[in-house]
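Asker: The sequence and its predicted three-dimensional model are supplied below.
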Amino acid sequence: SGGGFQELTLGYDNLQAYVDDTTYMGATVGRYANRIRDGKFELPGLTTSEDDCIPVQLLTNEGLNTLHGGPQNFSKAMWKIRRLITPDQMEGEYVGVVLGLTSFDGDQGFPGTIEVEAHFLVRVRHGELKVRYYAKLLEGIATVCSLTNHTYWNLSGAVDPSSSSSPPSRARSFSGSLDQSPVVPEIQPPTPPVAAADKPPLSPPPSTTPTASPA
């Protein structure tokens, strides 16, 4: 308002609040976003036979369902900074950071070892935020992977933590409705698998302007 800037993303003001959070506030979730009913699915095998499927049982964290990848999903993991992106590397267009994570075979019940990168880029001159995810299968025949960013947006402006005597949290006015969100028990089986024969490169060359993916 008044021609000024306001924060539109909801979040917390301290690390412990993020550790204790149950709403995936601003998190990167995986290995598989959304719910997998009963925490199980079948992974296609090496042949085209319908009988050649591998049953997979995951750890569950929402009743019988697996939500966003399980109890210790990617939002609970310690990501590493792989690369800082400076304007001279991206033709003066972008600044940002590349975060990396290795998820080993059996992590939360998922088969295969995968390497994951999350690219967060800001196009300074145009005020654009770009988020892009990469995943590559390192070991195993095949696996599933579906990553997303779980940011909550309030287009009328985030809550000012100084406007209330309650504990500082830009998300406090929103947390009640988040905790009461209904359970959706049905989703499609995770497809398609990330096959060992189809491994895209994790990082584009530093001199290449990345293609945007929706945040």
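Answerer: Now that the structure is in, tell me what you want to look at. What you see is a predicted model, and the numbers here were worked out from it, not measured in a lab. Residues are numbered from 1 along each chain as shown.
Asker: now the strands for the protein?
Answerer: Per DSSP state E, the chain carries strands over the ranges 27-29, 35-36, 40-44, 53-57, 66-67, 80-85, 94-103, 113-123, 128-139, 142-143, 148-150, 194-195.
Asker: Out of those, the one nearest Leu10 is which?
Answerer: strand 148-150 (10.7 Å; CB to CB). (Each C-beta comes from the backbone N, C-alpha and C, glycine too.)
Asker: which strands and helices sit next to the closest one?
Answerer: Using 3 or more CB pairs under 8 Å, 6 or more residues apart in numbering; DSSP states H and E as the contact test, the elements touching strand 148-150 are strand 27-29.
Asker: Name every strand pairing with the strand it packs on and say which way it goes.
Answerer: Strand pairing for strand 27-29, determined by DSSP bridges: strand 148-150 (antiparallel).
Asker: can you give me the mean pLDDT across stretch 56-76?
Answerer: Confidence for stretch 56-76, expressed as mean pLDDT, is 94.
Asker: first to last residue in that stretch, what's the distance?
Answerer: Counting by CA to CA, to the nearest Å, you get 22 Å between the two ends of stretch 56-76.
Asker: Outside of it itself, list whatever touches it.
Answerer: Stretch 56-76 has contacts (CB atoms under 8 Å, 6 or more residues apart in numbering) with 24, 27-43, 101, 103, 107-111, 116, 147, 150, 183, 185.
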